[in-house]
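Asker: Here is my input, please return the structure:
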Amino acid sequence: MSSDLLDALNALEEQKGISRDVLIEAIEAALVTAYKRNFNQAQNVRVDLNLDKGSIRVFSRKDVVEEVEDDRLQISLEDAKVINPAYQLEDIVEQEVTPRNFGRIAAQTAKQVVTQRVREAERGLIYEQYVDREDDIVTGVVERLDARNIYVGLGKVEAALPVNEQIQGETYRPHDRIKVYITKVERTTRGPQVIVSRTHPGLLRRLFEMEVPEIYEGIVEIKSIAREAGDRSKISVYAHNEEVDPVGSCVGAKGARVQTIVNELNGEKIDIVEWSEDPVVFVANALSPSKVLDVQVNEEEKSTTVVVPDYQLSLAIGKRGQNARLAAKLTGWKIDIKSETDARELGIYPSATSTFVPAEDEESDFDEVAVDLYQDDEE
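Answerer: Residues are numbered from 1 along each chain as shown. Alright, predicted model coming up:
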C-alpha cells in the first residue's frame, strides 16, 4: 500500500497542488480515529505513517504521574521507569499498540481521506476562480430548470439563476447559451455556490464594455444606469476626450453596437444619453427621446420641473410613467413634467431665471429612429 499511496500523494502534489505533508498529517489524524472506532480504544494514541519505509505504527501515549487515575491515559512513575529509567514526572510514555490487521483499515481510511481532501481542494480552487469574477459577465449553458431556479453550467461549476434575477418574459431551454452576471459567490458544505443575474444593471454595463472599445479603454465612461430589465433601460455616458462623441461611440455605425446588446437582452430598449454635471442639461438629456423646452431646478429638494411641448407630453412621461421614472433614477433628481400649455397657465414658463437652451428642432436620422421606436410609449 505504501508504494502506491506514495505515488498517489506525489501525483496529487504535482497535479492538484496539495502538499504531500498536509495529506500525510490528515491521514494520520484519520487513522487515530479509525483505530479508536474499530478497536474500541479510548486512550490517547499517535499514528506514525512512514511511506518511505512502508510502515504504519500505532503508539499509545500516557502521561507519567505519581498517582494513576485513568490507566488508559496515565502511567505511574514506577512503571514508567521499568520501561526506561530516564522517565520523569510529566513525561509522555509511548508504547506500540499496532493491531495485526490495521493495514487493511489504514488503506481504506487513507483512500477516504485522500478523496475528501482532493474534493475540498478542487472546491477551493473553483471558489477562488469565481470569487474573483464577482461583478463580471460570463457565458454559460442552461442545464436544467426547477420551480425556483435555472441552473447554468459555467464549466466546473453550476450557477443558480433565481426567479427574481430572470428577465420577465424570457424563456430558457436546456442547452441555450446565455450571458449572465455573477452577483455572489459563497462557500457551502457542498462546494462553492454561484448566484447569477440577467436583470442586474451590471450586466448592461459589462455588455457595453464588451461591445464599445472606447468604454473598455476608459475614453468613454458609463456614469449611471437605470434599468427595468426586459423592457427598457437608460444609460448615461461621458467622454474624457472632447473630440469623442460618447453617445455615438455607444450607438456605433448604423446602431450596430447597441443593437448587438439589444439582441442579447431579447429586444430590451436602451436609451443612451450624454451625462452632464449640470442637472439642467442632464435631466433634459435623460428624458430622451422627448424634446425639452425648459428645466427649472430646486437644489434644496433636489427636484426639477421640466416643460415639454404639448404633443410630446405622453412621450416624455412614457407608458405607465416609465420614461420619467427611469430618467429620475438615472439622474438622481425628482422630475415633475409639465406640458407647455399647463406651464404657461401656471406662470412658470417661460421662466425669467432659466438659462436652459432647448435643443434645435432639427432631427437627425438617429432621432427619427428613436422617436419612431418609442411611439408606443405615448398613452
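Asker: Tell me the spacing between Arg173 and Glu143.
Answerer: According to Cβ to Cβ, to the nearest Å, Arg173 stands 11 Å off from Glu143. C-beta here means a position set from N, CA and C on the backbone, and glycine is covered the same way.
Asker: who's more crowded, the two?
Answerer: Higher neighbour count among Arg173 and Glu143: Glu143, with 15 against 8, using other Cβ atoms under 10 Å.
Asker: Can you list the neighbours in contact with the strand or helix carrying the more buried one?
Answerer: Here Glu143, judged by DSSP states H and E, is contained in strand 137-145. By Cβ atoms under 8 Å, 6 or more residues apart in numbering, the list of residues contacting strand 137-145 from outside reads 150-154, 158-159, 172-182, 196, 202-203, 206-207, 210.
Asker: List the neighbouring strands of it plus their orientation.
Answerer: Applying DSSP bridges to the sheet, strand 137-145 is found paired with strand 149-153 (antiparallel), strand 177-188 (antiparallel).
Asker: Buried deepest among those, which one?
Answerer: strand 149-153 (a mean of 21; mean count of other Cβ atoms under 10 Å).
Asker: need the next SSE after that one, C-terminal direction.
Answerer: Remark: after strand 149-153, the chain's next helix or strand is strand 158-162, criterion DSSP H and E.
Asker: Residues touching that next one, excluding its own?
Answerer: In contact with strand 158-162 (Cβ under 8 Å, 6+ apart) are residues 140, 143, 148-153, 172, 180, 182, 193-198.
Asker: and if we set it to 10 Å?
Answerer: 130, 138, 140, 142-146, 148-153, 172, 178, 180-185, 191-199 (Cβ atoms under 10 Å, 6 or more residues apart in numbering).
Asker: Equivalent analysis for stretch 340-349, please.
Answerer: 293-294, 296, 305-313, 337-339, 350-351, 354.
Asker: Buried ones from those, can you make that a PyMOL selection?
Answerer: To isolate the buried members of the contacts of stretch 340-349 in PyMOL, using 16 or more other Cβ atoms under 10 Å:
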select buried, resi 293+294+296+305+306+307+308+309+312+313+337+338+339+354
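Asker: Filter the contacts of stretch 340-349 down to just the ones in strands.
Answerer: Among the contacts of stretch 340-349, DSSP state E puts 294, 296, 305-308, 337-339 in strands.
Asker: got these as a markdown table, with distance to Leu287 and pLDDT columns?
Answerer: Formatted as a markdown table, the ones in strands among the contacts of stretch 340-349 follow (distance: Cβ to Cβ, whole Å; pLDDT from 0 to 100):
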| residue | distance to Leu287 | pLDDT |
| --- | --- | --- |
| Asp294 | 12 | 94 |
| Gln296 | 14 | 93 |
| Thr305 | 12 | 95 |
| Val306 | 6 | 95 |
| Val307 | 11 | 95 |
| Val308 | 7 | 95 |
| Ile337 | 8 | 96 |
| Lys338 | 12 | 95 |
| Ser339 | 13 | 94 |
